[in-house]
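Peer 1: Build me a model from this:
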Amino acid sequence: KQFVVVDMLRPSLLLVYLSLCAAVAVMWPRSVVRGNVRMGLFDGLAAAFANDQSLGERENAGLSREKTKRTITWVSPTGKEKRSVVVAGQRLKDIARASGIPVKYDCQEGSCKTCEAIIGKARGKICVASAPDKDITIKYGLRN
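Peer 2: Okay, here's the model as predicted:
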């Protein structure tokens, strides 16, 4: 008898479930109303985070003056050039990695000369050198 009762309840439970789904779908808030994105709970905070246009032009946040940008021209063994815009003092190893320059390293401390390059007019090791405060050309891949 228990199985008969369960079999009789299935269609009515399915009907209740479908009607609840339809009601929720009708009452569910739309994600886009008149082109504006609605965030639900955070809609009341939208004005608090809006940009205030009466403040004027946006300025540098807290820095008295911006650092001077310098250009490093990387020259490959085949003569192909690539440029990077940097701030003086950045490590050349990090600049090369970010710019996609294929420099080979072994020791990472400047003792093996695997990464030796002509930095400006002098020889140096990319793994330990920093970007100078002037525009320079680096010829890398001397030991390939």
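Peer 1: per-residue pLDDT, Ile138?
Peer 2: In the predicted model, Ile138 carries a pLDDT score of 96.
Peer 1: Off-centre distance for whatever helix or strand it lives in?
Peer 2: Element membership for Ile138 (DSSP states H and E) is strand 136-139. Offset of strand 136-139 from its chain centre (CA atoms, centre = their mean, to the nearest Å): 27 Å.
Peer 1: If you count contacts, what does it end up packed against?
Peer 2: Strand 136-139 sits against strand 69-75, strand 116-119, with contacts defined as 3 or more CB pairs under 8 Å, 6 or more residues apart in numbering; DSSP states H and E. Using the backbone N, CA and C atoms, a C-beta is placed for each residue, glycine as well.
Peer 1: For this protein, which segments are assigned as helices?
Peer 2: Using DSSP state H, the helices found in the chain span residues 2-27, 92-99.
Peer 1: Which elements pack onto the shortest one?
Peer 2: In terms of contacts (3+ CB pairs under 8 Å, 6+ apart), helix 92-99 is packed against strand 69-75, strand 81-87.
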